[in-house]
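Engineer: Take a look and give me a structure for this.
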Amino acid sequence: MKLEIVGAGFGRTGTHSLKLALEELGAGPCYHMMEVFGNTQHIPLWAAATRGETPDWETIFDGYRSTVDWPGCHFWRELAVANPEAKVLLSYRDADAWYESFKNTIYKAMIAEQPAEPAWVREHFEMVRSMILDQTFDGRPDDRAHVIRCFEEHNAAVRDEVPAERLILYEVGSGWAPLCEGLGLPVPTTDYPKTNSTQEFQERFRQMRN
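Structural biologist: Numbering: from 1, shown residues only. All right, here's what the predicted structure looks like:
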């Protein structure tokens, strides 16, 4: 495993657009929560890491050059240590706007009743619930003030702990410039990707459940 970019930003900070952008810039394939659905054998590995067992990073990130979103951002410190040459990418946005997006997408999906079959779907949601709802937000995902505080403290920790020369800060909606500047790459002539809106997330989740 040799990651070039470790994404530390929570989901709903433009991470799917970042995945597509990094891949267009040549830093792909990029691991994202959506990758788990195509690599269901990774679910027990992430579940084990969430329980505190030694992560099997070599298997999970085999063939990947970058990672953004959950589940990778939950282990940004470990991944930064395991990949000392990698840049650490913190994607962020206004906390209130982030919370509304999180509440209407990830949180709503996590509290929905899950189908009993196939088994991997249930195992995936159990892993994500443990990682995000229980560990990231201390089992208080319906406490708006607490969730926002966790979001802000997480972002502050990344800013404080990562050396400036290694850190790339990316505010949602900033386009190519800060990302390309941080990576030392020219700005593409194509439009920056824009995908996975709240509506798109909800529709994809509805289709998956059906």
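Engineer: alpha carbons only for contacts and neighbour counts from here, please
Structural biologist: Fine.
Engineer: Run through this protein and note the low-pLDDT ranges.
Structural biologist: The chain contains residues with pLDDT under 70 at 1, 115-117, 196-210.
Engineer: what do you get if the cut-off is 50, keeping everything else the same?
Structural biologist: The chain contains residues with pLDDT under 50 at 205.
Engineer: which other residues reach whichever helix in it runs longest?
Structural biologist: In the chain, assigned by DSSP state H, the helix with the most residues is helix 144-161. Helix 144-161 is contacted by residues 8-10, 90, 92, 95-96, 99, 136-137, 140-141, 167 when judged by C-alpha atoms under 8 Å, 6 or more residues apart in numbering.
Engineer: Check whether the closest residue to F125 other than its chain neighbours sits in a helix, strand or coil.
Structural biologist: The shortest distance from F125 to any non-neighbouring residue, by C-alpha to C-alpha, 6 or more residues apart in numbering, is to M110 (6.8 Å). Following DSSP: H, G, I helix; E, B strand; the rest coil, we place M110 in the helix state.
Engineer: and the gap between the residue nearest to the spatial centre of the chain and V187?
Structural biologist: Of all residues in the chain, the one closest to the mean position by C-alpha atoms, centre = their mean is D69, 0.7 Å from it. Distance of D69 to V187, computed by C-alpha to C-alpha, to the nearest Å: 23 Å.
Engineer: now the helices for this structure?
Structural biologist: Under DSSP H, the chain gives helices at 15-24, 33-38, 43-50, 57-60, 76-82, 95-102, 108-111, 119-128, 144-161, 177-183, 198-209.
Engineer: can you tell me which residues contact P44?
Structural biologist: By C-alpha under 8 Å, 6+ apart, P44 lies in contact with E123.
Engineer: what does the one 4 residues further on give?
Structural biologist: For A48, the contacting residues are T54, P55, taking C-alpha under 8 Å, 6+ apart as the criterion.
Engineer: Next: W76.
Structural biologist: V6, G7, A8.
Engineer: Now with 6 Å, please.
Structural biologist: Contacts for W76 (C-alpha atoms under 6 Å, 6 or more residues apart in numbering) come out as A8.
Engineer: Then Y92?
Structural biologist: Going by C-alpha under 6 Å, 6+ apart, Y92 touches T13, E171.
Engineer: now with 10 Å?
Structural biologist: Neighbouring residues of Y92 by C-alpha atoms under 10 Å, 6 or more residues apart in numbering: 8-15, 98, 151-152, 155, 169-173.
Engineer: before we move on, back to that, could you point out which of the helices of the chain sits nearest D191?
Structural biologist: helix 15-24 (9.6 Å; C-alpha to C-alpha).
Engineer: Return the distance of the closest one from the chain's centre.
Structural biologist: How far helix 15-24 lies from its chain's middle: 11 Å, per C-alpha atoms, centre = their mean, to the nearest Å.
Engineer: Show me the contact partners of it.
Structural biologist: 5, 7-9, 25, 27-34, 65-70, 89-92, 170, 172, 175-176, 179-180, 183, 188, 190-197.
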